[in-house]
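**Q** Kindly return the folded structure for what I paste below:
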Amino acid sequence: MAALLATAILGPLIGVHQLDAASNAEVRLSTARVDLDTLVQRQLGEETGLRGYVATRDPSFFEPSLPPDADFDALALSVEARLEREGIPSAGATLEDLRSTHQTWEDEVALPLIRDPGAADAYKREAQGKTLTEQLARDVGRMQDALIVAEVGVQQTMRRRINTTVAISAAFVTLFALVALRYALGRSAAQWRFERERSLVDALQRTLRVPGRRLPHTQLGSAYASATREALVGGDLLDAWHAGPDSGWILLADASGKGIDSARQAAFAQYAVRALAAEADDPADVVGRFNRLFLQTFDDPSSFVVLFLGAFDARALTLRYASAGHGTAYVRRGRSIEQLPPTGPIIGLDADERYMNRTVSLASGDLVLLATDGLCEARDAAGELLGEDRIVALLREGPTDPQALCDLLVRSAEDFSGGVQDDLAIVALRVVQQDDGVTTPFSAIGGSVAG
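**A** All right, here's what the predicted structure looks like:
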């Protein structure tokens, strides 16, 4: 009886201690995964800042400090030490590769471009930087996989210990069964709620994306391609709408990230810019106000939007635009191609940023092309980017019909890279003399109809 009583008392205590040890191990592994994600975010943040600096020469992209980032190395060493204590295989080698990759990015990409952003090999260094960042992300992905395996091992060990305790303590069997049942029911309910909420978000995104309208005295074409199964909730956005009988707005935006969060920012951009433009006719003013509104709405420092907003005047035949860090924008006049440079930094950096307007004169037959970075950064098997030079050549030799041109560019990107690797949105506007007066709609998240 004494032995049975001792077993009944000690069994649950031993079980609780074992569960607590397994839970603490799982927490430590989860914390390491969070730290690894932080390293990737720091690298992406530095790369985004570098790209913004190269495009605008504005050192504020590197706030609070310029590379090199000493905190990155310190955090990587801390993660390495903790993972080695947890007995994670290959943790040391992988973290050393990660630190080496980051150091190479700083030495061979960031620092040379900071010293001379206009160097002849700047484009090559940017491409190398993107490759190094992708390599770093892959290293982190492999480490995350190892942590997941370790977490599974912790969970399996926990189950074995529970089963052992159950075998020697009938009382603990009953208690554990009740706890396990409650956990299973709670997890099932949480999973059901998650799937239901995701379905609702997908449906809402499909509903909220308002189709654009062909602008007066133009033909309009568009194309959209997604690299993920979340095609209906991507972060690339294209839109056009009327401001009057002879004027209208055209918008192209690319929100940071992927999936639902990115789509939420894109939907916010579409509605916010439309609302702000209804009260103003100055693109730079609209973009500046949207930048402040974006920062007030999204508190994630890694969130940003690259954006092009143009005001088209069919009477004066002009396009007045403001560009928040958007680089892939061109005007084709016959066989002559003019690139439209950014007029300010990307959205989401600083509420005090100022944006400038630039006015482009147009004539009948001229064509304006806008595309997100999924076009320029399409990459072949060797890692080479499609690049601006190839886009200019395709644009110069491409068809005059805007929709046919958009379709050609998407096919060219897919053929070059073997499939869409990043979300891609393209819109083309061609000025015409005769206007049929029909405001043909085009889809903001799919192929369009040229008016």
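**Q** Could I get the full set of strands for the stretch 351-451 of the chain?
**A** With DSSP state E, counting those that start in this stretch, the ranges of strands along the stretch 351-451 of the chain come out as 358-361, 367-371, 424-431, 441-442.
**Q** For residue 292, which of those strands is the nearest?
**A** Of all the strands of the stretch 351-451 of the chain, it is strand 358-361 that lies closest to residue 292, at 21.1 Å by C-beta to C-beta. Using the backbone N, CA and C atoms, a C-beta is placed for each residue, glycine as well.
**Q** mind listing what's buried in the closest one?
**A** By neighbour count on 16 or more other C-beta atoms under 10 Å, the buried set for strand 358-361 is 358, 360.
**Q** and it, which strands flank it?
**A** strand 318-324 (antiparallel) (DSSP bridges).
**Q** Tell me which helix or strand comes right after the helix or strand hosting residue 31.
**A** Assessed by DSSP states H and E, residue 31 sits inside helix 2-56. Scanning forward in sequence from helix 2-56 by DSSP H and E, the next helix or strand is helix 70-85.
**Q** which regions of the stretch 351-451 of the chain sit below the pLDDT cut-off?
**A** 420-422, 436-451 (pLDDT under 70).
**Q** I figured residue 332 hits residue 363, correct?
**A** No - Residue 332 is not in contact with residue 363 according to C-beta atoms under 8 Å; the separation is 11.4 Å.
**Q** Compare these two (neighbour count), which wins?
**A** Using other C-beta atoms under 10 Å, the more surrounded residue of residue 332 and residue 363 is residue 332, with 21 against 10.
**Q** Am I right that the more buried one is in a strand?
**A** Yes - the assignment for residue 332 by DSSP: H, G, I helix; E, B strand; the rest coil puts it in a strand.
**Q** Which residue is the nearest non-sequential neighbour of the residue nearest in space to the middle of the chain?
**A** Taking C-alpha atoms, centre = their mean as the criterion, residue 257 is the residue nearest the geometric centre of the chain, at 2.2 Å. Using C-beta to C-beta, 6 or more residues apart in numbering and skipping the chain neighbours, the partner closest in space to residue 257 is residue 235 (6.2 Å).
**Q** And the helices in the chain?
**A** Per DSSP state H, the chain carries helices over the ranges 2-56, 70-85, 91-105, 111-115, 122-168, 170-208, 259-277, 283-297, 373-376, 387-397, 402-417.
**Q** Out of those, the one nearest residue 359 is which?
**A** helix 283-297 (9.8 Å).
**Q** could you check the angle strand 318-324 makes with the closest one?
**A** In terms of direction (axes from the mean of the first three to the mean of the last three C-alpha atoms, to 10 degrees), helix 283-297 departs from strand 318-324 by 30 degrees.
**Q** Could you give the bridge partners of residue 247?
**A** residue 244, residue 313.
**Q** Now for it: which residues touch it?
**A** By C-beta atoms under 8 Å, 6 or more residues apart in numbering, the contact set of residue 247 is 215, 216, 311, 312, 313, 314, 315.
**Q** Cool, thanks, talk later.
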